[in-house]
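Enquirer: sequence first, then the predicted structure, then my questions.
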Amino acid sequence: ELKVEQNPLFLSMQEGKNYTIYCNYSTTSDRLYWYRQDPGKSLESLFVLLSNGAVKQEGRLMASLDTKARLSTLHITAAVHDLSATYFCAVDTGRRALTFGSGTRLQVQP
Amino acid sequence: EAGVTQSPTHLIKTRGQQATLRCSPISGHTSVYWYQQALGLGLQFLLWYDEGEERNRGNFPPRFSGRQFPNYSSELNVNALELEDSALYLCASSLDQGSYGYTFGSGTRLTVV
């Protein structure tokens, strides 16, 4: 059974600081997705990572995938309050079923 | 381009009743997926429909079922509702096997009382 572990589960950081969220998974997969969820809202797609070494950046967020280490990272640069949300990584187990991590609740303090 | 649309937004049902949730995928997407986001259990895969057929099913009892219509919209039916079925049900659609990602709808909040 595929396990997807995110850490930290909760992150409180100050505006302007950098931090990284980690996503480890337990079985081979080369498809990993990052989503953002605001309270009471749906999932917003952030990144689609489809191969080993994939790196994607959008604004202050950058995601990478290392399939050999079974690790993806979501790096936040110079955080701003608008980035406060819960971030999920999800791994494709095959047959189109995503297994999600528990989520990282990010709180950016002014 | 319209996104994935779900209805109703909220649904309150009594234990033992049946609930029907609806989803319309993005135009051109033939695959529809259902996920459950329950408090304490996280996001769990429920079902995948493609071209009118159920292609994959998560670890849920048979009282969770659904169908996909010729226009690719989908229904999720939950029979014999239990209190633990209270959750946010999210529908997603994709163009192919996820190379462009999976786009989620805004969800249906089901409350079983």
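Expert: Thanks, I have the structure now.

Enquirer: next, count neighbours for the nearest residue to B:W34 once chain neighbours are set aside.
Expert: Closest residue to B:W34 in three dimensions, ignoring its sequence neighbours and counting by CB to CB, 6 or more residues apart in numbering or on different chains: B:L46, at 4.1 Å. (Each C-beta comes from the backbone N, C-alpha and C, glycine too.) Neighbourhood size, B:L46 [other CB atoms under 10 Å in any protein chain shown]: 22.

Enquirer: also B:G40?
Expert: As a burial measure, B:G40 scores 5 neighbours (other CB under 10 Å).

Enquirer: do the one 4 residues further on as well
Expert: The criterion is other CB under 10 Å. On that basis, B:Q44 has 18 neighbouring residues.

Enquirer: now do the contacts for it.
Expert: The contact partners of B:Q44, taken as CB atoms under 8 Å, 6 or more residues apart in numbering or on different chains, are A:100, B:35-38, B:58-60.

Enquirer: can you tell me the element it falls in?
Expert: For B:Q44, the element it lies in under DSSP states H and E is strand B:42-50.

Enquirer: quick one: low-confidence ranges for chain B?
Expert: B:1 (pLDDT under 70).

Enquirer: close to chain A: what parts of it are there?
Expert: Residues of chain B that fall close to chain A, judged by CB under 8 Å from any CB of the partner chain: B:31, B:33, B:35, B:42-45, B:48, B:55-56, B:58, B:90, B:92, B:94, B:97-107.

Enquirer: please produce a PyMOL select command covering the buried subset of those residues.
Expert: The PyMOL selection below is limited to those of the residues of chain B next to chain A classed as buried (16 or more other CB atoms under 10 Å in any protein chain shown):
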select buried, chain B and resi 31+33+35+42+43+44+45+48+56+58+90+92+94+98+101+102+103+104+105+106+107
